[in-house]
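Undergrad: A structural model of the following input is requested.
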Amino acid sequence: MKPRYINQIIKTLLVTFLFIAVLTPLALTEEHYNIKSYDINISISKNNIYTVTEKVVVYFSEESTGITKKIPIKFYNYEHKVFNINVTDENNVFYNYVVEKDGNYLDIKIGSTDSLVHGHNSYIISYSYDMGEDIYGYMDEIHWSILNSTWDSTIYKCTFNIELPSSFEYSKINIYLNDLKKHDDSSIIWDVRDNIIFGNTIRPLDPHEEITVTIPLPEKYFTTTTAKPKNNFPQILIITICILLVVTFMSFIEFKINRRKITPKVTFNPPFNLNCAEAKYFFDYALDVNDVNALIVQWATKGFVKIEVKLTKHFGLLKYNDFFITKLRDIATEDDYEKVFFDEIFSLGETISLYKNKFKIKKSAYKVRNCIISKIDKLYNPFNILYYIRVKALKYIAAFVLILVVSNFFYFITYNIYFSIFFGALFSLVIHWIYINLLETQNNLKKNKSTKYLISYIIKFGSSLSLLLITVIGVILNLTSSLSLPLIISTDVNIQILLSYLIIYILIIMFTANTFKVNTKALENINEVTGFVFFLERADAEGLVAILKENPNLFIDLLPYSILFEIHDIWSSKFKMESASAAPDWYTFASSSFDINKFTAHMAEIIQV
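TA: Sure thing, here's the model as predicted:
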């Protein structure tokens, strides 16, 4: 006995096959007429009005009301006027017809139910089409579907005759067959005599195949054309960009003026007993998740952990330093978040590899980062939140305007709103990502100069820049197939807006990067933190001698701070080899002698894991 579910499957398959069997003949018999010949005559006037006459000889295999001629009415993203419509037979007898708008088409429905047709019938369709003004500021053009793709039947033969109002360059004529899958000019033969282009197909055309002609022409080839609808979007973009730039520049000036109020109060002790991550946020108003790793170095300086550096191979090829952290004793701190971070790390084991556990550690570090920010903001309130919101909003608005500008440019090329928005957003994200990473690289090269780090960024930038360049080159080739690039840039506002805003966007990101405004009430605290950083960067050898007598471990104690302030190279250069001739007890590296520069580089590398 068959299981019930097998019977259900068999029934479903039988019903499916039945539907296919019924619908297939219907699909095959949908074409109840075919077009024996299609003759097209187009006369284009100096004011860019097309006078079109089409003679269509149709054979109906069964009785029918007639045919429908569809005329596309939307070019250059605006609708065009169609007038002087007439439909007759070969004896100049008028057919009944109805004109209806159907989306981007004007339908001429020829025939009626009162007078059915059968066999051979001829239709002579004439109309005038006001092509009007194009969207280009640097050229005129003819771009016309001699035979559009709306016919559902086979067309056995098509001839065409196009008369232009004055002379033009024959070499720029492009006539091709396009069924959306092919781009074929081998199925058409054509020639030119004076200002007239004439030609015909050399094979039957399948349903929905289309013949298109494009001819770029000099600017002002057409005169007194119907003006296109006014497009205010470029002007709105220009005004928005100007406002953005002014507000950004004013915010940057405000930042600079505010910074002048800070007068560093030099101290060699971390103010308010701040740990290195807290001091970093207090000074920069920024704290990256990786910055939290500097706490591990600070734990080592206090004897809570030890650090062993081992050279490891990745997939047996690429060498990198791995850091093994061993717990020596429980952490002593007043900050609960630091205890939790310490316990979460060593819940993975008494000795852990930073590289193998970096994702788990980063997850914990993210929570620690938020706790540090909350603590500093609550206790000291050092930064102006309204200024922060304004700068953040400027960045988001600038990115949104970038998408609008690039989408507007693509729309100018394609007239396809969905394509333009999609590729505009994608292109903008690539530009934003590349530039943000360039800034990050510029900053991080100070922290890490390893070959592995440089190779990873070269690969990332190489792929991104390649995508960007391929897109730009493709667009330029599409635009400049017959025109000089300087001419296009100098005459078209859409391209001018794009190129200008790419530069302005870079300026906006530069002016808003690492800018913040300190609260006046917190100036005393800011002065102390700034003075501490000032000391790390500018302390002279004579001053350090006296301090080292009080604290011989000064270099080690303040190293985590100098790493996060990105001045560890400067800090380590202030100490001679003899003052730090022995490695700290908590640091192990397979080397015959202790190298203070290599040691400093290893500690700085920890925050990059």
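Undergrad: got the contact list for residue 367?
TA: Taking CB atoms under 8 Å, 6 or more residues apart in numbering as the criterion, residue 367 is in contact with 337, 340, 341. Placement of C-beta: from N, CA and C, glycine included.
Undergrad: what about burial for those residues, which qualify?
TA: 337, 341 (16 or more other CB atoms under 10 Å).
Undergrad: Narrow the contacts of residue 367 to those in helices?
TA: Among those, DSSP state H puts 337, 340, 341 in helices.
Undergrad: can you list the weak-confidence ranges in the chain?
TA: Where the chain drops to pLDDT under 70, the residues are 1-31, 179-184, 313-318, 437-492, 576-581, 592.
Undergrad: quick one: the strands in the stretch 501-609 of the chain?
TA: For the stretch 501-609 of the chain, applying DSSP state E, counting those that start in this stretch gives strands covering 587-589.
Undergrad: Looking at the ones in helices among the contacts of residue 367, which one is closest to residue 572?
TA: residue 341 (26.4 Å; CB to CB).
Undergrad: got the buried residues for the helix or strand hosting residue 418?
TA: Element membership for residue 418, per DSSP states H and E: helix 417-444. Buried residues in helix 417-444, defined by neighbour count with 16+ other CB under 10 Å: 420, 421, 423, 424, 425, 427, 428, 430, 431, 432, 444.
Undergrad: Check stretch 390-403 too.
TA: Applying 16+ other CB under 10 Å to stretch 390-403 flags 390, 391, 394, 397, 398, 399, 401, 402, 403 as buried.
Undergrad: And stretch 274-288, by the same measure?
TA: Buried-residue list, stretch 274-288, by 16+ other CB under 10 Å: 274-285, 287-288.
Undergrad: next one: stretch 322-336
TA: In stretch 322-336, counting by 16+ other CB under 10 Å, buried: 323, 324, 325, 326, 327, 331, 333, 335.
Undergrad: Which ones among those lie within helices?
TA: Using DSSP H, none of those sit in helices.
Undergrad: Residue 355: which of those is nearest?
TA: Nearest member of the buried residues of stretch 322-336 to residue 355, counting by CB to CB, is residue 323, at 7.4 Å.
Undergrad: what sits against the closest one?
TA: Residue 323 makes contacts with 307, 308, 309, 353, 354, 355, 602, 605, 606, 609, as judged by CB under 8 Å, 6+ apart.
Undergrad: Now it: closest residue in space, sequence neighbours ignored.
TA: Leaving aside its chain neighbours, residue 323 sits nearest to residue 354 (4.3 Å; criterion: CB to CB, 6 or more residues apart in numbering).
Undergrad: Show the contacting residues for that neighbour.
TA: Taking CB under 8 Å, 6+ apart, one finds 293, 296, 322, 323, 324, 325, 361, 606, 609 in contact with residue 354.
Undergrad: Show me the beta-bridge partners of the fourth one.
TA: Beta-bridge pairing of residue 323 under DSSP bridges involves residue 309.
Undergrad: what about it, distance to residue 365?
TA: To residue 365, residue 323 is 15 Å away according to CB to CB, to the nearest Å.
Undergrad: related to what we said a few turns ago, is it possible to export the contacts of residue 323 to CSV including distance to residue 212?
TA: Shown next, in CSV, are the contacts of residue 323 (distance: CB to CB, whole Å):
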residue, distance to residue 212
307, 70
308, 71
309, 67
353, 63
354, 62
355, 59
602, 66
605, 60
606, 63
609, 58
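Undergrad: Name only those of these that count as buried.
TA: For the contacts of residue 323, buried by 16+ other CB under 10 Å: 307, 308, 309, 353, 354, 602, 605, 606, 609.
Undergrad: Those in helices, which ones?
TA: Using DSSP H, those in helices are 602, 605, 606.
Undergrad: the domain parsing of the chain - what is it?
TA: Annotated domains of the chain cover 31-217, 234-248+387-512, 261-384+516-606 [automatic domain parsing].
Undergrad: Quick one: closest of those to residue 226.
TA: domain 31-217 (3.8 Å).
Undergrad: Show me which of the contacts of residue 323 is closest to residue 126.
TA: When the contacts of residue 323 are compared against residue 126 (criterion: CB to CB), the nearest one is residue 609, at 76.6 Å.
Undergrad: is it true that the closest one touches residue 357?
TA: No: in this structure, residue 609 is not within contact of residue 357 by CB atoms under 8 Å, at 9.4 Å.
Undergrad: ok, the closest residue to residue 98 other than its chain neighbours - contacts?
TA: Residue nearest to residue 98 in three dimensions, not counting chain neighbours: residue 109, with 4.7 Å by CB to CB, 6+ apart. Applying CB under 8 Å, 6+ apart to residue 109 gives the contacts 66, 68, 97, 98, 99, 100.
Undergrad: try 7 Å
TA: 68, 97, 98, 100 (CB atoms under 7 Å, 6 or more residues apart in numbering).
Undergrad: which is the next helix or strand following the host helix or strand of the last one?
TA: Under the criterion of DSSP H and E, residue 100 resides in strand 97-102. Using DSSP H and E, the helix or strand that follows strand 97-102 towards the C-terminus is strand 105-111.
Undergrad: and the angle from that following strand to strand 97-102?
TA: Counting by axes from the mean of the first three to the mean of the last three CA atoms, to 10 degrees, strand 105-111 points 150 degrees away from the direction of strand 97-102.
Undergrad: other SSEs contacting the helix or strand just after strand 105-111?
TA: Downstream of strand 105-111, the next assigned helix or strand under DSSP H and E is strand 117-130. Other elements packing on strand 117-130 under the criterion 3 or more CB pairs under 7 Å, 6 or more residues apart in numbering; DSSP states H and E are strand 49-64, strand 66-72, strand 81-88, strand 105-111.
Undergrad: Next, residue 368: secondary structure please.
TA: Residue 368 falls in the helix class when you classify it by DSSP: H, G, I helix; E, B strand; the rest coil.
Undergrad: In this structure it contacts residue 337, no?
TA: Yes: counting by CB atoms under 7 Å, residue 368 touches residue 337, with 5.4 Å between them.
Undergrad: If we ignore the residues flanking it in sequence, what's nearest residue 121?
TA: residue 58 (5.3 Å).
Undergrad: now do residue 345
TA: The spatially closest residue to residue 345, leaving aside those adjacent along the chain, is residue 361, at 6.1 Å (CB to CB, 6+ apart).
Undergrad: before we move on, which element is that neighbour in?
TA: Going by DSSP H and E, residue 361 is part of helix 358-380.
Undergrad: Next: residue 189.
TA: For residue 189, the element it lies in under DSSP H and E is strand 188-193.
Undergrad: buried sites along whichever helix or strand comes after that strand?
TA: Heading C-terminal from strand 188-193, the first helix or strand you meet, by DSSP H and E, is strand 196-201. By 16+ other CB under 10 Å, the buried positions in strand 196-201 come out as 197, 199, 201.
Undergrad: hey, C-alpha coordinates of strand 196-201 in CSV?
TA: C-alpha atoms of strand 196-201 as CSV (Å, rounded to 0.1, in the frame of the first residue of the first chain):
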residue,chain,number,x,y,z
ILE,A,196,18.3,60.8,-46.5
ILE,A,197,19.0,57.5,-44.8
PHE,A,198,17.3,54.5,-46.4
GLY,A,199,17.5,50.8,-45.7
ASN,A,200,15.7,47.5,-45.1
THR,A,201,15.9,44.2,-43.1
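Undergrad: name the helices or strands packed onto the helix or strand just after it?
TA: Sequence-wise, the next helix or strand downstream of strand 196-201 (DSSP H and E) is strand 210-217. When contacts are defined as 3+ CB pairs under 7 Å, 6+ apart, strand 210-217 sits against strand 140-147, strand 174-178.
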